[in-house]
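Undergrad: here is my input, please return the structure:
(2 chains)
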Amino acid sequence: MFSTIRIAILALRRNLLRSFLTMLGIIVGIASVIVGVSMGTGAKAEVDKRIASMGQNLLTVMSGNMARGGVRGGFGMAPNLSIEDYDTVRREVTGIAAVSPEARISAQIAAGNQNSFIQVSGVSEEYIQARSWSLKSGENFTGGDVRGASKVCLIGATSSKTLFGEGSDPVGQVIRIKNAPFTVVGILESKGSGSFGQDQDDVILVPYTSVMKRLSGDSKFRAIFVQAESPDSLVDVQAQLTELLRRRHKIQEGRDDDFMVRNQQETSDFFNANNRVMTILIGFFAGISLVVGGIGIMNIMLVSVTERTREIGIRLAVGARSRDVMLQFLTEAVLLSLMGGALGIATGYWLAPLLTALFEFPTLISQTSVMLAFSVSAVIGIVFGFFPALKAANLDPIDALRYE
Amino acid sequence: MPAVIQLLDFHKTYQTGEIEVRAVRGVNLTIEPGEFVAIMGSSGSGKSTMMNTIGCLDRPSLGQCLMDGIETGALSRNALADLRNQKLGFVFQGFNLLSRTTAQENVELPMMYARPRPAAVEQRRRAVEALTLVGLGDRLDHTPSRLSGGQQQRVAIARALVNRPTLLLADEPTGNLDSRTSIEIMGIFQSLNEKGMTVIMVTHELDIANYCKRIVVMRDGLIRSDTHVADRLTASDELKKLDAEQKAVQLTV
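TA: Numbering: from 1, shown residues only, chains lettered A, B, ... in the order given. Prediction:
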């Protein structure tokens, strides 16, 4: 086997330029596989990072059910989670670290002579813990603030910049939400963009009681955020939540939920569906270029067999079996495509970071894609090298020896 | 001990398009161990076809070809390849060495396909031994392009000998060589034959055929004569004569 490989290397070295040009097809194909898959993996990693930024061990209970009737209307549906639902969850569900409802309004916010349209979220004092959010300065509002519907608020980094200018510390300042004065008690640490690509820092958090009593008059929440104590208790908490809410909403056996409990994995799957389509598409085009590269190998191997007819004749005359000749040419083809594969992988390693640098597209080269690319190039060598090798093996020794 | 080669009513017919070419039309020939046979004939006489069959590169259309008692007509492609590898050594007119491959590697080639295959060290040892035997012990790592025609033919002979065959087949081995080198090559064949090697050689030069022990002449696919060589030439004597002639020419000039 070793000597077969050595002979193949010698034969390929004899026509270095031709060997390289033949490999080029495979190089391009494998490089696009590597880069394409790295784009998919990179995008997925980015999504996962954003989802993780939503909070650790987080379960989200949402009004409505996206799956119901095939209409994806979950977020748009009328809120149907009541204050009693929230209280019961807080009292009865075990294994939770933090829980907070969310009631949202969008409102005109004014501070001094600045005003802006900012989303106001009515939440409990445990909200920032559930979302793994920390404060840059000031303090969180308290349970007492929530019970008393105090006019206090936490302000996001972007909103703070819009209303008070960069670098200022607005703790203690007063902002007006729908003309009601709220005192800023704390500023939130920047979190960056969320899973929808929205700016998570353009937000104002106030006690949910204040929103419901003073701002919107709503009595239902759109969502309840629940942080489980540990990743292990996540499934149990999810089951408890579902069971509890079905009971409270009086949903009969066999009927669909009118709410949705999502964990981060499900959210991640939802967003990654798009990435998967993209990866498949890139993979498809890379596959086409690999087939073209394979045909290139077949073409050159056929030329090589014709050129070396006499050599084949000599080998057959001194006692090479058909299989020996076949193996020799097959080894050459596989070696050609494997080397192309290796160079393609190297090109991919070089190209992917370049793509990130130039277009800020997240890329991540996975070990799996490298292994895959390498085995694919081996398979291409075998498949497209087979026909030329068969042709060489079936040559008649007399004709081959006489060939000029 | 069976005959090295026994042809019994051997026929070979080729189909080229519509036309049927009857290259050999019933030949009976027996070659015993230790013989040194020249096969002569003009082109189209059927001598090449007969050589291909004796060389296990081809099978008879009709009749039998027995090689060391084995009937080749019944063998598979692989079995024929093994027979060529183990029992036959080929020497061609055009040398047929692998270019860009050293003399030693060329000689090792038949051992690459031997079953079982000798170890690399053994392959090397036997290649060096064979090359030394033909007088090229100091040219092991020369590629064919750096060797003269005579030297290339010696490499080819070493390659033919390396698997210790029972029969050496040479197809016009001196066709591409000058007269002096031809005599040298014939000298190698003669000394191999003296050590017991059976040699069959195709040639159309009578003075080359006269180095053999037996001459078979073919015409139109049949053997026309099969004679013992009476005044056999020996290469060493002829070389001495040649040297003397050259000296005489130099003296007179």
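
Undergrad: list the contacts of residue 46.
TA: You didn't say which chain, so I picked chain A. Contact analysis of residue A:46 by CB atoms under 8 Å, 6 or more residues apart in numbering or on different chains lists residue A:362. No exception for glycine: its C-beta is placed from N, CA and C like everyone else's.

Undergrad: hmm, no, I was thinking of chain B.
TA: Residue B:46 makes contact with B:12, B:23-25, B:27, B:218, B:220-222 under the criterion CB under 8 Å, 6+ apart.

Undergrad: filter those residues to the buried ones?
TA: B:12, B:23-24, B:27, B:218, B:221 (16 or more other CB atoms under 10 Å in any protein chain shown).

Undergrad: pLDDT and secondary structure added to these, as JSON lines?
TA: As requested, the buried ones among the contacts of residue B:46 are exported to JSON lines (pLDDT from 0 to 100; DSSP: H, G, I helix; E, B strand; the rest coil):
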{"residue": "B:12", "pLDDT": "93", "secondary structure": "strand"}
{"residue": "B:23", "pLDDT": "90", "secondary structure": "strand"}
{"residue": "B:24", "pLDDT": "93", "secondary structure": "strand"}
{"residue": "B:27", "pLDDT": "93", "secondary structure": "strand"}
{"residue": "B:218", "pLDDT": "94", "secondary structure": "strand"}
{"residue": "B:221", "pLDDT": "92", "secondary structure": "coil"}
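
Undergrad: Throw those into a markdown table and include distance to residue A:286, thanks.
TA: Rendered in a markdown table, the data for the buried ones among the contacts of residue B:46 read as follows (distance: CB to CB, whole Å):
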| residue | distance to residue A:286 |
| --- | --- |
| B:12 | 54 |
| B:23 | 55 |
| B:24 | 58 |
| B:27 | 62 |
| B:218 | 63 |
| B:221 | 61 |
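
Undergrad: let me know the closest of the residues you listed to residue A:230.
TA: Nearest to residue A:230 among those: residue B:12, at 87.0 Å, using CB to CB.

Undergrad: residues in contact with the nearest residue to that closest one once chain neighbours are set aside?
TA: Nearest residue to residue B:12, sequence neighbours excluded (CB to CB, 6 or more residues apart in numbering or on different chains): residue B:24, at 4.4 Å. Neighbouring residues of residue B:24 by CB under 8 Å, 6+ apart: B:10-12, B:46, B:49-50, B:53, B:221-222.

Undergrad: same question for residue A:365.
TA: Per CB under 8 Å, 6+ apart, neighbours of residue A:365: A:34, A:37-38, A:41, A:348-349, A:352.

Undergrad: OK, contacts around the residue of the stretch 251-400 of chain A found nearest chain B?
TA: Closest contact between the stretch 251-400 of chain A and chain B, by CB to the nearest CB, is at residue A:319 (2.3 Å). Going by CB under 8 Å, 6+ apart, residue A:319 touches B:81-86, B:110, B:113-114, B:163.

Undergrad: could you dump these to CSV with pLDDT?
TA: Listed next are the contacts of residue A:319 as CSV, based on pLDDT from 0 to 100:
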residue, pLDDT
B:81, 95
B:82, 94
B:83, 94
B:84, 94
B:85, 95
B:86, 94
B:110, 95
B:113, 93
B:114, 92
B:163, 93
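
Undergrad: these: which ones sit near chain A?
TA: Applying CB under 8 Å from any CB of the partner chain, the subset of the contacts of residue A:319 adjacent to chain A comprises B:81-86, B:110, B:113-114, B:163.

Undergrad: that older thread, would a markdown table of the contacts of residue A:319 with neighbour count be doable?
TA: Formatted as a markdown table, those follow (neighbours: other CB atoms under 10 Å in any protein chain shown):
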| residue | neighbour count |
| --- | --- |
| B:81 | 26 |
| B:82 | 17 |
| B:83 | 19 |
| B:84 | 26 |
| B:85 | 23 |
| B:86 | 17 |
| B:110 | 28 |
| B:113 | 21 |
| B:114 | 16 |
| B:163 | 22 |
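
Undergrad: let me know the secondary structure of the residue of the stretch 251-400 of chain A closest to chain B.
TA: Following DSSP: H, G, I helix; E, B strand; the rest coil, residue A:319 is assigned to coil.

Undergrad: now residue B:185
TA: helix.

Undergrad: give me the pLDDT for it.
TA: At residue B:185, the model reports a pLDDT of 94.

Undergrad: before we move on, the earlier item: and which of the ones next to chain A among the contacts of residue A:319 is nearest to chain A?
TA: Nearest to chain A among these, counting by CB to the nearest CB, is residue B:85 at 2.3 Å.

Undergrad: contact partners for that closest one?
TA: Residue B:85 touches A:318-320, B:110, B:113-115, B:163, counting by CB under 8 Å, 6+ apart.

Undergrad: rerun that using 6 Å as the cut-off
TA: A:319, B:113-114 (CB atoms under 6 Å, 6 or more residues apart in numbering or on different chains).

Undergrad: which one of those residues is nearest to residue A:289?
TA: The closest of the contacts of residue B:85, once distances to residue A:289 are taken by CB to CB, is residue B:113, at 38.3 Å.

Undergrad: show me what contacts that closest one?
TA: For residue B:113, the contacting residues are A:319-320, A:324, B:85, by CB under 6 Å, 6+ apart.

Undergrad: go on, residue A:229?
TA: Counting by CB under 6 Å, 6+ apart, residue A:229 makes contact with A:95, A:97.

Undergrad: one more: residue B:100?
TA: Contact analysis of residue B:100 by CB under 6 Å, 6+ apart lists residue B:143.

Undergrad: what of residue B:87?
TA: Counting by CB under 6 Å, 6+ apart, residue B:87 touches B:165-166.

Undergrad: wasn't residue B:124 part of a helix?
TA: Yes - according to three-state DSSP, the state of residue B:124 is that of a helix.

Undergrad: now it: how far from residue B:130?
TA: Relative to residue B:130, residue B:124 is positioned 11 Å away (criterion: CB to CB, to the nearest Å).

Undergrad: neighbour count for these two, which is higher?
TA: residue B:130 (24 against 17; other CB atoms under 10 Å in any protein chain shown).

Undergrad: by contact count, what packs against whichever strand or helix holds the more buried one?
TA: If you go by DSSP states H and E, residue B:130 is part of helix B:120-133. For helix B:120-133, the elements it packs on are helix B:103-112, helix B:149-161, judged by 3 or more CB pairs under 6 Å, 6 or more residues apart in numbering or on different chains; DSSP states H and E.
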